[in-house]
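**Q** Quick one, fold the following:
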Amino acid sequence: MKRNRIIFAITVPALLLGATIYGQPKAWTLQDCIEYAIDNNISLQQSRNSFLSGLEDTYQAKAAMLPSVSFSSSQGLSNRPFSDTGTSSVVGSNVYSTTKSSSYSGNYGVNAGMTIWNGGSLRTALRQQQVQNSIDSLSVEETTNDIVISIVQAYVQCLYAKDAVSVSESNAEASKAALDRAVEMKNAGELSKVDVAQLESQHASDVYQITSSRVNLDNSLLQLKQLLELGISDEIILEAPENEEAEILKLLPAKEEVYANALEAMPEIKKAGLNVHAAELAIKRAKTGALPSISANAGVSTTNISGTGNSIASQIQKNFSENIGLSLSVPILQGRRNKTAVNKAHIAADNVRLQQMSAEKTLLKEVENAYLDAVSSQSQYISAKEQAKYAEQSYEYTSEAFKVGKKNTVELINAQNSLLSAQVSLLQAKYNAMLGNILLDIYQGNYKING
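**A** Sure, this is the predicted structure:
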């Protein structure tokens, strides 16, 4: 799974939320996006098809334990253009005398066969396929989780972008108000042209930042649309979740508890365990190659030939025969094939167990990283909230002091940039904490996924 922490740029880029919206597109919640992706994602549909294909293999494995029945028939025409005497034809165990130079014959048979015992190979094969069905089902779940995580990351980035655009627009409005006040002060002889030029440059930079953010908005909208498999003309707007503050600062369980829950919930861990079970069944099946096998067979057959003077019906009745039998096969020398198969099955099982250990260690690393991100983001959010509050107060004091000539343009610009930086830091901590909390819920199987 891809579970990378979202890194936001300090320059307040707007990552998503369509700058140009035509008509009145639907407002998408996070759950809407997840459900739509689950229903329409191509990779997920392919994963489901692989699961369905495996079910067909299971039906075939069950049928392999049932008798097989086949019907056969052969029809033949014999021609003797240079024969002027009677001839005899042998069909089966019967001899027919004919006087014609050509004859027509037919053979008909129904045969049945069934493996009675082969060391349990067929039953083991069925059990293997049933385990594989469970593995395929978990693959669907794992793909679903990957898609959900990608959607969550993109959606949280969208929420960040929406707020970031608002911050940049508010910042531009503030710099415009400061510029207007500076022009008034210059006209009154209270400020120099250099001071006004500094504020003009600052305002132009703020306006450019809005433009740049909107370009990033459109580019990121395309990325989200591709995740959702939307069409080229589809437009979306996003609906922010309620109770953001509660979601951000919710109490987190202990790290050990999160990992224990993840071991029980994550499909890749369940898959690793089932792969071990499947490998053990493969060993058991390989051992059956050295055991005897018993099979039963039965059949009925009949024949007919033209030119005998008897009707086809009477010939079929007269020549009707039945047979039944048992076959025993005992492997003696197989060129070490069976021993090699068993040894390789043991080696494969060892590798699968190592893969299980690797999966658990990978999950541990991911959980620890996600947990650290969530905890640190919560702490950063609390600190950034205080920082933003004081930065706003400082800017307000500096702005008022500038209006009465007690602060210069450099001090005003510095206060504005400090406020902007604090607001961006607050947004980063806010949405990183929201993302971290959702990821921890997904790891523990607590995040409700519909679709």
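
**Q** Only C-alpha atoms from now on, for both contacts and neighbour counts.
**A** Will do.

**Q** Tell me how far the residue sitting nearest the centre point of the chain lies from residue 357.
**A** Geometric centre of the chain, nearest residue: residue 143, 1.5 Å, by Cα atoms, centre = their mean. Distance, residue 143 to residue 357, using Cα to Cα, to the nearest Å: 21 Å.

**Q** Same check on residue 30?
**A** For residue 30, the distance to residue 357 (Cα to Cα) stands at 34 Å.

**Q** How is this protein divided into domains?
**A** Per automatic domain parsing, the domain ranges recorded for the chain read 27-66+118-291+331-443, 67-117+292-330.

**Q** Quick check: end-to-end length of the last one?
**A** Using Cα to Cα, one end of domain 67-117+292-330 lies 21 Å from the other.

**Q** And residue 361, how close does it get to residue 203?
**A** For residue 361, the distance to residue 203 - Cα to Cα - is 52 Å.

**Q** quick one, which of those two is more surrounded?
**A** Ranked by neighbour count (other Cα atoms under 10 Å), residue 361 and residue 203 place residue 203 first, with 22 against 12.

**Q** quick one: low-confidence parts of the protein?
**A** Scanning the chain for pLDDT under 70 picks out 1-25, 82-101, 449-451.

**Q** Let me know which of the domains of the chain is tucked in deepest.
**A** Greatest average neighbour count among the domains of the chain goes to domain 27-66+118-291+331-443 (a mean of 18), per mean count of other Cα atoms under 10 Å.

**Q** That one: how far from the chain's middle?
**A** In terms of Cα atoms, centre = their mean, to the nearest Å, the centre of domain 27-66+118-291+331-443 is set 14 Å apart from its chain centre.

**Q** Now do the strands in this structure.
**A** 27-28, 68-79, 87-91, 94-98, 102-117, 237-238, 293-305, 321-329 (DSSP state E).

**Q** neighbouring strands for the second one, and are they parallel or not?
**A** So that's strand 68-79. Strand 68-79 sits in its sheet next to strand 102-117 (antiparallel), going by DSSP bridges.

**Q** what is the orientation angle of the strand it pairs with with strand 293-305?
**A** Going by axes from the mean of the first three to the mean of the last three Cα atoms, to 10 degrees, strand 102-117 is angled at 170 degrees with respect to strand 293-305.

**Q** what's next to strand 102-117, contact-wise?
**A** Applying Cα atoms under 8 Å, 6 or more residues apart in numbering, the contact partners of strand 102-117 are 65-81, 293-307.

**Q** how far out from the middle of the chain is it?
**A** Here strand 102-117 shows a centroid-to-chain-centroid distance of 50 Å under the convention Cα atoms, centre = their mean.

**Q** Pull out the CA atoms of it and give them to me as PDB.
**A** Backbone C-alpha positions of strand 102-117 (Å, rounded to 0.1, in the frame of the first residue of the first chain) are rendered in PDB as follows:
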ATOM      1  CA  SER A 102     -19.000 -52.300 -50.200                       C
ATOM      2  CA  SER A 103     -20.200 -52.200 -46.700                       C
ATOM      3  CA  TYR A 104     -21.100 -49.700 -44.000                       C
ATOM      4  CA  SER A 105     -20.200 -50.200 -40.300                       C
ATOM      5  CA  GLY A 106     -20.900 -48.400 -37.100                       C
ATOM      6  CA  ASN A 107     -19.500 -48.600 -33.500                       C
ATOM      7  CA  TYR A 108     -21.100 -47.000 -30.500                       C
ATOM      8  CA  GLY A 109     -20.000 -46.800 -26.900                       C
ATOM      9  CA  VAL A 110     -20.600 -45.100 -23.600                       C
ATOM     10  CA  ASN A 111     -17.700 -45.100 -21.100                       C
ATOM     11  CA  ALA A 112     -17.400 -43.900 -17.500                       C
ATOM     12  CA  GLY A 113     -14.400 -43.500 -15.300                       C
ATOM     13  CA  MET A 114     -13.800 -42.300 -11.700                       C
ATOM     14  CA  THR A 115     -10.700 -42.000  -9.500                       C
ATOM     15  CA  ILE A 116     -11.500 -43.900  -6.300                       C
ATOM     16  CA  TRP A 117      -8.400 -43.100  -4.400                       C
END
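
**Q** angle of that strand against strand 321-329?
**A** 40 degrees.

**Q** In this structure residue 175 contacts residue 207, no?
**A** No - taking contacts as Cα atoms under 8 Å, residue 175 lies outside contact range of residue 207: 9.4 Å.

**Q** Name the nearest residue to residue 342, ignoring sequence neighbours.
**A** In space, and not counting its chain neighbours, residue 342 is closest to residue 286: 5.2 Å by Cα to Cα, 6 or more residues apart in numbering.

**Q** For residue 151, see how far away that neighbour is.
**A** As judged by Cα to Cα, residue 286 and residue 151 stand 44 Å apart.

**Q** ok, now residue 400?
**A** Residue 400 is 44 Å from residue 151, by Cα to Cα.

**Q** With residue 300 instead?
**A** Distance from residue 300 to residue 151, by Cα to Cα: 64 Å.

**Q** what do you get for residue 127?
**A** Applying Cα to Cα, the value for residue 127 to residue 151 is 36 Å.

**Q** now swap in residue 210 and tell me
**A** According to Cα to Cα, residue 210 and residue 151 sit 25 Å apart.

**Q** same deal with residue 264?
**A** Relative to residue 151, residue 264 is positioned 23 Å away (Cα to Cα).

**Q** list the contacts for residue 371?
**A** Here residue 371 is in contact with 255, 436, 440 (Cα under 8 Å, 6+ apart).

**Q** Same check on residue 140?
**A** Listed by Cα under 8 Å, 6+ apart, the contact partners of residue 140 are 44, 47-48, 51.

**Q** No further questions, thank you.
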